[in-house]
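Undergrad: Sequence unavailable; structure follows:
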């Protein structure tokens, strides 16, 4: 947890945040590119983050998305929350269509397998995730869809 973590958590709790997601993601990608992956928004906020790269399910073109993550069982948990937006993020469909994904975490890039977690395991994982980002619970309230959770595990 960093000095800016409480500010980030407060900003993430506003219901208008989904509208800014495209701009936030664009700025974060460029910030990471400029700093060669050393700094992103979640890093500035003192939160764990990764850069997920997965081929587009239709185009086959690799797409990279900066995500908040939660270390778990030797890998990382990521939620397809989009700040509680009505539609899931595009990367969710791309991950579901891929065999493997690439993860850049702390300036190290690894190929990962993935699995979507459900049931009791998801409940345990979710309880752990909200200790890092309490707003996940708000996002569940803001949307009618089920927010998917993926465990990304290095091969």
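TA: Yes, it's here. Worth saying up front: this structure is predicted, and the values here are computed from it rather than measured. Residues are numbered from 1 along each chain as shown.

Undergrad: Pull out the buried residues from the lengthiest strand in the chain.
TA: Determined from DSSP state E, the single longest strand within the chain is strand 108-117. Applying a neighbour-count criterion of 16 or more other CB atoms under 10 Å, one finds 112, 114, 117 buried in strand 108-117. C-beta: built from backbone N, CA, C; applies to glycine.

Undergrad: any chance of the residues you listed in CSV, plus pLDDT and distance to residue 50?
TA: Compiled in CSV, the buried residues of strand 108-117 are given as follows (pLDDT from 0 to 100; distance: CB to CB, whole Å):
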residue, pLDDT, distance to residue 50
112, 98, 10
114, 98, 12
117, 97, 17
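
Undergrad: will you turn those into TSV that also has distance to residue 25?
TA: Formatted as TSV, these follow (distance: CB to CB, whole Å):
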residue	distance to residue 25
112	20
114	20
117	24
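
Undergrad: Could you point out which of those residues is nearest to residue 84?
TA: residue 117 (19.3 Å; CB to CB).

Undergrad: Residue 93 reaches residue 57, doesn't it?
TA: Yes - using CB atoms under 8 Å, residue 93 makes contact with residue 57 at a distance of 5.7 Å.

Undergrad: check contacts around residue 133.
TA: Residue 133 is in contact with 9, 12, 47, 68, 70, counting by CB atoms under 8 Å, 6 or more residues apart in numbering.

Undergrad: at 7 Å instead, please
TA: Residues counted as contacts of residue 133 (CB atoms under 7 Å, 6 or more residues apart in numbering) are 47, 68.

Undergrad: Just give the closest residue to residue 96, not the sequence neighbours.
TA: Once flanking residues are discounted, residue 96 sits nearest to residue 116: 7.3 Å by CB to CB, 6 or more residues apart in numbering.

Undergrad: Show me what the helix ranked longest in the chain is packed up against.
TA: Ranked by residue count and defined by DSSP state H, the top helix of the chain is helix 17-34. In terms of contacts (3 or more CB pairs under 7 Å, 6 or more residues apart in numbering; DSSP states H and E), helix 17-34 is packed against helix 41-44, strand 62-68.

Undergrad: Now render the ones you listed as CSV, adding mean pLDDT, distance to residue 2 and mean neighbour count.
TA: Below are the helices and strands packed on helix 17-34 laid out as CSV (pLDDT from 0 to 100; distance: least, CB to CB, whole Å; neighbours: other CB atoms under 10 Å):
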stretch, mean pLDDT, distance to residue 2, mean neighbour count
helix 41-44, 83, 8, 19
strand 62-68, 92, 13, 19
